[in-house]
Structures are given as structure tokens and as C-alpha cells.
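**Student:** Based on what follows, work out the 3D shape:
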Amino acid sequence: MRHRSVTRQYGFSLLEVTIAMALGTIVLAAAVQLYSKALTATWSVSQRAELQQDFRAASNMLTKDISLAGAGLGNNVQIALPSGPGTQVPVYGCDQTPRCYINGGAVAYPTQLDVASGNIVPYLYGLIPGWRFGPTLNASQGATDVVTVANSDTSFLLNCYTATVRPGGTAVRFLEQTAPRPANCVIPPPLLQPQAINDPTVGLTPGDLVLLQVTLGGVGAPTSSVIGEVTNVTLVANNPRTYDVAFATGDPLRMNQPAAAAGSLGNVIGATGFGNRIFVISYYIDNTVNPPRMMRQVSGHSPVPVVEGITYLQFSYDLYNFNTGQVLTNQSDGGASQGLTPNQITKANIRHMSLRSTLHGVKGYEGMDLQTSVSTRDLTFNNSYPLSQ
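**Tutor:** Numbers count the residues shown, from 1 in each chain. Purely as a prediction, here's the structure:
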């Protein structure tokens, strides 16, 4: 007779199961916490890297434009704009739609009293401070600043054409000079000739600003500088290339006022000289979108965004008083309260250009702030090293 072997099978006790579950829960909780911290760190690193990239691109563009303030326009840039009884003060910050953007409107050029004529004369400077011209994003900080700079376009060879102001003062005829070319016409390789004025890529388009330097008569006659806003370009002839560039009245920037007593094309009808396209570049904050963004507008063209997430923009300026030799530093209003004009600015200080990343739930956001200074070397340059003794 066979005996069946019986082996008792033991399981886990309730206490053992409870302890195992507790330990497993602790390990799982630690793993989840580590995973959560890793995700947060990854988010923080990626946000900061993206913010640094945007910040670097924006600051490089801004500082480059400020450093070129007045370039190609001569020293101590101060160009009179249309003025006189019944004249509207020219503005910046508008495009061809027409729409104006700086804090929801246009900004008038700074003015001075001309003692000789008794007129209030607006001027284009190489750098124009816009102290508190922008919108307010934080009540405790106050309104943001705007900065505007002007320089000459050296890549478009408009100065290789002879310019003659047409009757009526609302158009200029540009005639290409080939034999010989004007002394100030230097054609860099690989170009063989100046670009066409109506070139679809680099030519003049409505909204461009042209600085005309003309002679009021023959050799030795006085010269004048006037600015007009392009409204149309027409090809007149191909050989030699001839164009009529319209500067019609009613332009959004109010540059074309031929009836003005001074500072307009209407004051130099028949005068001959040459022209250069100039860039009038404004940086400002647009808070009509969320998050706010810094915009860059060139002359009378539509603005383009530079960087999103900007929270503050503030400048100050160092100036040199021509009359007293005094140096003023950190003037938020560009020296206006001291009776100084923008063409005495020697340095622009970016006191605050603050950016932050996109808000991400309870994790918050990353933030950065730029503080630096930019020399405006083309505004108050003085040659201290004469060629002859």
C-alpha cells in the first residue's frame, strides 16, 4: 500500500503583504518624484535656452541699429523737416495701410523754435529718444520707452543717379549718369552698374524715405537737404535709365508738404543734386497681443516682431553740451529737460530690456534682463588726429 506524501504550502502573511505594499509605494513615490523633477528641470533648461537665444538675437539687432545711428548722414545730424504756418508736423510710427502703431498712434518729430523765422521747426536726428512714449505694462514701472535711429542705406546706389525736383514739388526725376559717373558713385563688385530704382528686391517702394541733397542754382550756389516719402516709382526711359519717383501729398508720415514754407520739395523746385535712401528705425513694445512683443519698424513700412515676451524697455542717454563742454550722464529724456538736443547724444544706455518665457502652469517662467551701453559714434564724432600739423 502506497502512502501519499503531503507537503504544506506556506503563503505570505497579512503583515508581510502590508509591509511589501508600503515599501513598494515608497519606492514608486520616489520614482515619480524623481521623474517629475527631471521633467521640471528639462522644462527649465529648454525654456532658458530658448529665452537666451531670443534675447541674444533681439539685443544684437537693437545694439547694432543704435550703434549705426546717424551713419552716412554726416556729423551732428539735424535735418529740418517741413515747417511753417499751416504745416503738419511730420511723424513716425505709421505705415501705408495707413495705420499708426506706437502706443496706438503716431509720434511727432522733436521740434525747436527757429529764432530767425519765428517758426517751430521739426528735425530728424540720428537718434531720437522716446522717453515714456510706449505703453505701460506694469504700473509700478511706468510707461515703456521708444527709441528711433536714422542712418543712410549704403547698399542701394541711388546716389549714382542725378536727381531733379519736378514742377509742383511732388516728384523727382532720377537720371542715370554713365560717362562719367558722379564722383560720389562707387559701384562695389560684383555690381557693374547701379541697381534699377524700381528693382523689385532692393529698389524704392512706397514708404521709403529719400534724403535729397540739391544745389539751388549753379556752381557755388547754396545747397539744401530735404526728405520725402516715396509714394510711387515709374520707369520713364531705358537708355539712359530714367525714373520719376512720386512724393505725393497726403503720405502717412507727412513728409510731402510742398506748400510748406521751408523744409519740403516745394522749396527746391528745379534744383538738381542726388539722393540717398535713409532708414528711420523705431523699436517699441506692442501690447495689443499677449504676450507683449518688441517691434521694429523701418520708415513707412509695416513693423515686424523682434521678440515676444518682453516686459519692460527703458533707455537713458549720455550727452555732451556743445556750448559749455559739460558731460551729462544717464538722462532718461535725452537731455530735453537740460535744454539739450538729440544731436548731442554720445551714448545710449539700455537700462532695462526685460524678457520672460511663456508662463507654464504653476512652474512659472524664466526671466532675463539686459543692461548695457552703446556708443553713438556717428553723432558727435570729432577728429582729434588732424592729418597735418
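**Student:** all contacts plus neighbour counts: C-alpha atoms, from now on.
**Tutor:** Noted.
**Student:** Buried by neighbour count: which residues of the longest strand anywhere in the chain qualify?
**Tutor:** When the chain is parsed with DSSP state E, its longest strand is strand 272-286. Residues of strand 272-286 classed as buried: 272-286 (neighbour count, 16 or more other CA atoms under 10 Å).
**Student:** what is the mean pLDDT for that strand?
**Tutor:** Average pLDDT, strand 272-286: 96.
**Student:** same check, this time on stretch 139-155
**Tutor:** 95.
**Student:** Just the buried residues of that stretch, please?
**Tutor:** In stretch 139-155, counting by 16+ other CA under 10 Å, buried: Ala143, Thr144, Asp145, Val146, Val147, Thr148, Val149, Ala150, Asn151, Ser152, Asp153.
**Student:** any idea how far it is from the chain center?
**Tutor:** How far stretch 139-155 lies from its chain's middle: 6 Å, per CA atoms, centre = their mean, to the nearest Å.
**Student:** With just CA atoms, put it into PDB.
**Tutor:** Extracted in PDB, the C-alpha atoms of stretch 139-155 (Å, rounded to 0.1, in the frame of the first residue of the first chain):
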ATOM      1  CA  ALA A 139       2.000 100.400 -13.200                       C
ATOM      2  CA  SER A 140       4.900 100.500 -10.700                       C
ATOM      3  CA  GLN A 141       7.500 100.700 -13.500                       C
ATOM      4  CA  GLY A 142       5.600 103.300 -15.600                       C
ATOM      5  CA  ALA A 143       5.400 103.700 -19.300                       C
ATOM      6  CA  THR A 144       8.000 102.000 -21.500                       C
ATOM      7  CA  ASP A 145      10.400 103.800 -23.800                       C
ATOM      8  CA  VAL A 146      10.700 104.000 -27.600                       C
ATOM      9  CA  VAL A 147      14.000 104.600 -29.400                       C
ATOM     10  CA  THR A 148      14.300 105.700 -33.000                       C
ATOM     11  CA  VAL A 149      17.500 105.900 -35.100                       C
ATOM     12  CA  ALA A 150      18.300 107.100 -38.600                       C
ATOM     13  CA  ASN A 151      21.100 106.100 -41.000                       C
ATOM     14  CA  SER A 152      21.800 106.000 -44.700                       C
ATOM     15  CA  ASP A 153      21.300 103.000 -46.900                       C
ATOM     16  CA  THR A 154      24.800 102.400 -48.400                       C
ATOM     17  CA  SER A 155      23.900  99.300 -50.400                       C
END
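**Student:** contacts for that stretch?
**Tutor:** Residues from elsewhere that reach stretch 139-155 (CA atoms under 8 Å, 6 or more residues apart in numbering): 65-66, 68-73, 125-137, 276-285, 312-315.
**Student:** Which parts of the stretch 1-150 of the chain are helices?
**Tutor:** Counting by DSSP state H, counting those that start in this stretch, one finds helices in the stretch 1-150 of the chain at the ranges 14-67.
**Student:** just for it, where's the confidence low?
**Tutor:** Applying pLDDT under 70 to the stretch 1-150 of the chain flags residues 1-12, 35, 37-47.
**Student:** which residues in the stretch 51-200 of the chain form strands?
**Tutor:** For the stretch 51-200 of the chain, the strands defined by DSSP state E, counting those that start in this stretch cover 78-80, 91-92, 107-108, 111-113, 120-125, 127-130, 136-138, 142-143, 146-152, 161-165, 171-176.
**Student:** Return the most buried member of these.
**Tutor:** Of these, the one with the most neighbours on average (mean count of other CA atoms under 10 Å) is strand 127-130, at a mean of 26.
**Student:** Report all helices and strands that that one contacts.
**Tutor:** Helices and strands touching strand 127-130, by 3 or more CA pairs under 8 Å, 6 or more residues apart in numbering; DSSP states H and E, are strand 146-152.
**Student:** tell me the angle the strand it packs on makes with helix 14-67.
**Tutor:** Counting by axes from the mean of the first three to the mean of the last three CA atoms, to 10 degrees, strand 146-152 lies at 50 degrees to helix 14-67.
**Student:** and Thr242, what does it touch?
**Tutor:** Arg173, Phe174, Leu175, Glu176, Leu235, Val236.
**Student:** same deal with Asn267?
**Tutor:** By CA under 8 Å, 6+ apart, the neighbours of Asn267 are Gly169, Pro258, Ala260, Ala261.
**Student:** What's the ChimeraX line that selects buried ones from those?
**Tutor:** To isolate the buried members of those in ChimeraX, using 16+ other CA under 10 Å:
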select :169,258,260,261
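**Student:** that older thread, for Ala246, which of the strands of the stretch 51-200 of the chain is the nearest?
**Tutor:** Smallest distance to Ala246 across the strands of the stretch 51-200 of the chain (CA to CA): 4.3 Å, for strand 171-176.
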